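Enquirer: coordinates only, no sequence provided:
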């Protein structure tokens, strides 16, 4: 890896995350993937190593630090298991709205247990008819005295069922369009809040993806995020600005892991009396893969650093990082399978899992087509005269 | 309650190479780690700290680079560290090493419990733990696989442990202060935490010499060691034996004949 001038603390995070990944995740990765099991032990190990404290200010039990720290940790976990990385990063996705828009009371109540890893969180936006079109949510929240009553269905929610704290996007005033959307904090165990179908996924199977069902779910009005109605759309957009570099880091990790597997295999596999790594055809594939991984990492780190320096209007760059890195992950993982040949297609070897895990990074937190819309709209706004 | 954990920094390999000229370990090109068995000792101390609010101290005798092992122990949750670092300690055998560690433990008193790994992965002697107990005249239990109970409110304080045997285990009651050496069945060591690593990085670790623990230069190191390593060598691999083939009766007859010929 190129020297990115990481701080001593960031190098420590990297080393620690790699240790957790290698020792506490890798040995169970195949089992979690096969059984589609939520990696409880991995989450515990990540928590014990303080890796849930990243990005959360010290006054709320975190280590302070910024998005780059989180990207580094996510990448390292993902290098070993993209599924565990999804569970890990999704908790930050649920945490960011509280950190960015929560009232002081909400931050004090919800951030410390998330920093310690004692509780996990999830972000609930997607509905059967509202995915890329985030403004089309139909889950409703109606105010009744000191309470809000939620009704509706969310699906494809990462950490659904396993998280304790949910940031839920719901309509408070349909007539106001995007300004009629609000965000709420719902806790596991709230009356009228239950879980539905658990999805059987192609990849990232060491993460749970589930339906959330709200049936007259009654929550106190203090759970309205930021204490303000109508901020749901901006909460969503600003949250994604923070979280997309994380998805991009997950993609970089998957790409890096695939690359390492491919190089190792190419250097062992003998055909025509020589290691296949001695063939220029293979060498050029590996060289392209390595170059793309480094380019993706450079963009992700640069965007994360910009966020940490407080850069404004980061949306387009966040989208670029996610778009580019996820396309690289898909390409590199596919090429890695190719280098493994027939063995690469078999479940006995770990490389096919990387290819399955890579695919989701092009889809979730906004499909790559949506990322292109964001980038293009920003371009037109800036230069289209 | 104070617990002292004794650890050793060892080369990260099971194939230890010996310099035939100097009869010492070849350390070049091999990274160093905490002796794997000592990781269980550290973990057990941290668990007791969490359960009994015990104060934990880690000690090691070794060259300056062994400080890294102490910092790692701190990052795992141990409170304090002491480094027994002195050129005079070089060449110590197990008797002298255990004497140095025992004197350091004495200086740290009152100490209720000393925990060591069952043996080091390089020397494999398993003598230093019992040696410390002898120097300090402490009750000891080696190969402990479980601490059942600790009673801190009795006089004397009492600890009940399970000691691994070849074909089972025995339950021992020890009066504290005592020393135990632990086996890998006792726990699953945790990984370091970020907060622990940051704290470990900043911690100032005192280095004690022979003077600090009240020993003369003659009592430690090569001079103080009753045993000397005269030669270390890798025994040549055994040559393949002879296989007697055929029906059992035939094979046994062949074997008996062979033995008779040798006699």
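Expert: Happy to help now that I have it. Owing to the predicted nature of the structure, the values given are computational and were not obtained by experimental measurement. Residues are numbered from 1 along each chain as shown, chains lettered A, B, ... in the order given.
Enquirer: per-residue confidence at the closest residue to chain B within the stretch 51-200 of chain A?
Expert: Going by CB to the nearest CB, chain B is nearest to residue A:63 of the stretch 51-200 of chain A, at 6.2 Å. Any C-beta I mention is one placed from the backbone N, CA and C, and that applies to glycine too. Residue A:63 carries a pLDDT value of 93.
Enquirer: now residue B:14
Expert: At residue B:14, the model reports a pLDDT of 66.
Enquirer: what's next to the helix or strand encompassing residue B:260, contact-wise?
Expert: With elements taken from DSSP states H and E, the one containing residue B:260 is helix B:248-262. With CB atoms under 8 Å, 6 or more residues apart in numbering or on different chains as the test, helix B:248-262 has contacts from B:242, B:244, B:245, B:246.
Enquirer: show me what counts as buried in it.
Expert: By neighbour count with 16 or more other CB atoms under 10 Å in any protein chain shown, helix B:248-262 contains no buried residues.
Enquirer: if we can go back for a sec, for chain A, tell me which of the contacts of helix B:248-262 show up nearby.
Expert: Among the contacts of helix B:248-262, proximity to chain A is found for none (CB under 8 Å from any CB of the partner chain).
Enquirer: out of those, grab the one that's most surrounded.
Expert: Most neighbours among the contacts of helix B:248-262, by other CB atoms under 10 Å in any protein chain shown: residue B:244, with 15 neighbours.
Enquirer: which residue packs closest to that one, ignoring adjacent ones?
Expert: Sequence neighbours aside, residue B:251 is the residue nearest to residue B:244 in space, at 4.0 Å (criterion: CB to CB, 6 or more residues apart in numbering or on different chains).
Enquirer: and the pLDDT for that neighbour?
Expert: Looking at residue B:251, its pLDDT reads 92.
Enquirer: look up how far residue A:87 lies from residue B:33.
Expert: 30 Å (CB to CB, to the nearest Å).
Enquirer: with residue A:313 instead?
Expert: Residue A:313 sits 30 Å away from residue A:87 when distances are taken as CB to CB.
Enquirer: which one of these two is surrounded by more residues?
Expert: Between residue A:313 and residue A:87, counted using other CB under 10 Å, the more crowded position is residue A:87 (27 against 10).
Enquirer: flag every residue of chain B that's near chain A.
Expert: Residues of chain B lying near chain A (CB under 8 Å from any CB): B:190, B:191, B:192, B:193, B:194, B:195, B:196, B:197, B:198, B:201.
Enquirer: hmm, 7 Å instead?
Expert: Listed as neighbours of chain A in chain B under the rule CB under 7 Å from any CB of the partner chain: B:190, B:191, B:192, B:193, B:194, B:195, B:197.
Enquirer: I'd assumed residue A:63 was in contact with the fifth one.
Expert: Yes: look at residue B:194 against residue A:63 with CB atoms under 7 Å: they come within range, at 6.2 Å.
Enquirer: who has more neighbours, the two?
Expert: Just comparing residue B:194 and residue A:63: by other CB under 10 Å the higher neighbour count belongs to residue B:194, 23 against 20.
Enquirer: any low-confidence regions in the stretch 1-150 of chain B?
Expert: Applying pLDDT under 70 to the stretch 1-150 of chain B flags the ranges B:14-16, B:25, B:27.
Enquirer: how about 90 then?
Expert: Counting by pLDDT under 90, the ranges of the stretch 1-150 of chain B that qualify are B:11-32, B:90-91, B:120-125.
Enquirer: who's in contact with the residue of it found nearest chain A?
Expert: When scored by CB to the nearest CB, the stretch 1-150 of chain B has residue B:75 as its residue closest to chain A, at 9.2 Å. Residues in contact with residue B:75, defined by CB atoms under 7 Å, 6 or more residues apart in numbering or on different chains, are B:192, B:196, B:197, B:200.
Enquirer: for it, what are phi and psi?
Expert: Note on residue B:75: its backbone torsions stand at phi -70, psi -20 [degrees, to the nearest 10].
Enquirer: same check on residue A:124?
Expert: Per-residue torsions, residue A:124: phi -120, psi 100 (degrees, to the nearest 10).
Enquirer: if I look at it, how far off is residue A:244?
Expert: Applying CB to CB, the value for residue A:124 to residue A:244 is 18 Å.
Enquirer: also residue A:273?
Expert: Relative to residue A:244, residue A:273 is positioned 47 Å away (CB to CB).
Enquirer: what parts of chain A come near chain B?
Expert: Residues of chain A lying near chain B (CB under 7 Å from any CB): A:12-13, A:16, A:19-20, A:23-24, A:45, A:48-51, A:53, A:63.
Enquirer: closest to residue A:380 among those residues?
Expert: residue A:13 (38.1 Å; CB to CB).
Enquirer: in contact with that closest one, which residues are there?
Expert: For residue A:13, the contacting residues are A:69, A:72, A:73, B:194, by CB under 7 Å, 6+ apart.
Enquirer: does the third one sit in a helix, a strand or a coil?
Expert: When the structure is reduced to helix, strand and coil (DSSP: H, G, I helix; E, B strand; the rest coil), residue A:73 reads as helix.
Enquirer: again, but for residue A:197
Expert: strand.
Enquirer: ok, now residue B:83?
Expert: strand.
Enquirer: quick one: buried residues of stretch A:362-369?
Expert: A:362, A:363, A:364, A:365, A:366, A:368.
Enquirer: what of stretch B:29-40?
Expert: For stretch B:29-40, burial by neighbour count (16+ other CB under 10 Å) applies to B:32, B:33, B:34, B:35, B:37, B:38, B:39, B:40.
Enquirer: ok, residue A:312 to chain B distance?
Expert: The spacing between residue A:312 and chain B, counted by CB to the nearest CB, to the nearest Å, is 30 Å.
Enquirer: and the biggest helix by length in chain B, how far out from the chain's middle?
Expert: Longest helix of chain B, by residue count under DSSP state H: helix B:36-52. Its chain's average C-alpha position is 14 Å from that of helix B:36-52, according to CA atoms, centre = their mean, to the nearest Å.
Enquirer: swap in stretch A:215-222?
Expert: The chain centroid and the centroid of stretch A:215-222 are separated by 27 Å, computed with CA atoms, centre = their mean.
Enquirer: what ranges do the strands span in the chain?
Expert: Just so you know, I chose chain A. Secondary structure of chain A (DSSP state E): strands at A:121-124, A:140-144, A:147-158, A:165-171, A:181-187, A:193-198, A:209-220, A:270-271, A:274-275.
Enquirer: not quite, go with chain B.
Expert: Using DSSP E, the strands of chain B run over residues B:2-6, B:9-11, B:18-19, B:24-25, B:32-34, B:55-61, B:80-84, B:113-117, B:140-151, B:158-165, B:168-175, B:178-182, B:207-208.
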